[in-house]
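Asks: Here you go, sequence then predicted model.
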Amino acid sequence: MGKDVIIACDFATAEQTFAFLDKFTDEKPFVKIGMELFYAEGPEIVREIKNRGHKIFLDLKLHDIPNTVKKAMSVLSRLDVDICNLHAAGGLDMMRGAVEGLTRPDGTRPLLIAVTQLTSIDQQRMENELLINRPLAEVVMKYAANAKEAGLDGVVCSPLEASKVHEACGSEFLTVTPGIRFADGPAGDQQRVTTPAKAREIGSDYIVVGRPITAAEDPVAAYRRCVDEFCSK
């Protein structure tokens, strides 16, 4: 599977989003639509971005009882997105229901991946706030194994965990990794971070990059730098 850079379009409005995407005259980057933009603009923002030729990762992180997630995924299956996700913490039945709901009558569906632990969570927070007293890496591996067992295509994880996920779940099991920062940039509010080049070495399949691109003085140049560092062999 070819590697790719996904730009996190974490904007508040469609106007801001399209003003950003209009900067890309020679490329059609893969984009992530998260909760802020989707809740502000609804499904129409997905359709418009897709019509412009972009691949889309719809990052809504569903987490509810199995039947509710199944029905919600059935609705999302009507949007022509490329990747959807949910929280692995919802358990096996929820994830299996999500696969069933996302699958269209013709048998096709977007890729479905599970969030293991948010990159804003470190060992101390996991223990003190979530009362999970197992090592973070062990929790991530268990959630990844559950996702594979439920029939999902991969996980969202820290790039620092990508190689171990592949070791445990196979090379075809996708790792989509946020927490990407340039070596000369700030870490922001994420705890488990690395550079695009290091993510490539570790084995991430996709990297999700937000502010290092969207807040850059020259977003197109920053995107191209990410592609060069991550996708080069």
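Replies: Received, thanks.

Asks: Verify the stated contact: Tyr206 with Ile7.
Replies: No: contact criterion Cβ atoms under 8 Å: Tyr206 and Ile7 do not qualify, at 11.1 Å. No exception for glycine: its C-beta is placed from N, CA and C like everyone else's.

Asks: Common neighbours of these two, please.
Replies: With contacts taken as Cβ atoms under 8 Å, 6 or more residues apart in numbering, Tyr206 and Ile7 have Phe30 as neighbours in common.

Asks: ok, for Glu229, nearest residue in space, not its chain neighbours?
Replies: Pro196 (3.8 Å; Cβ to Cβ, 6 or more residues apart in numbering).

Asks: what's the burial count for that neighbour?
Replies: Look at Pro196: counted by other Cβ atoms under 10 Å, it has 26 neighbours.

Asks: in the strand or helix carrying Arg224, what counts as buried?
Replies: Assigned by DSSP states H and E, Arg224 falls within helix 219-231. The neighbour-count check on helix 219-231 (16 or more other Cβ atoms under 10 Å) flags 219, 222-227, 229-230 as buried.

Asks: cool, and stretch 24-31?
Replies: 24, 29-31.

Asks: what's the span of stretch 183-201 from first residue to last?
Replies: End-to-end distance for stretch 183-201: 15 Å, by Cα to Cα, to the nearest Å.

Asks: That stretch - what's its average pLDDT?
Replies: Taken as a whole, stretch 183-201 carries a mean pLDDT of 72.

Asks: and Val31, that one's in a strand?
Replies: Yes: counting by DSSP: H, G, I helix; E, B strand; the rest coil, Val31 is found in a strand.

Asks: What is the longest strand seen in the chain packed up against?
Replies: What stands out as the longest strand in the chain, according to DSSP state E, is strand 56-62. Helices and strands touching strand 56-62, by 3 or more Cβ pairs under 8 Å, 6 or more residues apart in numbering; DSSP states H and E, are strand 30-33, helix 35-41, helix 43-51, helix 66-76, strand 83-87.

Asks: Quick check: the gap between the closest residue in space to Leu136 that isn't next to it in sequence and Ser204.
Replies: Computed as Cβ to Cβ, 6+ apart, the closest residue to Leu136 that is not its neighbour in sequence is Gln123, at 4.8 Å. Counting by Cβ to Cβ, to the nearest Å, the separation of Gln123 from Ser204 is 21 Å.
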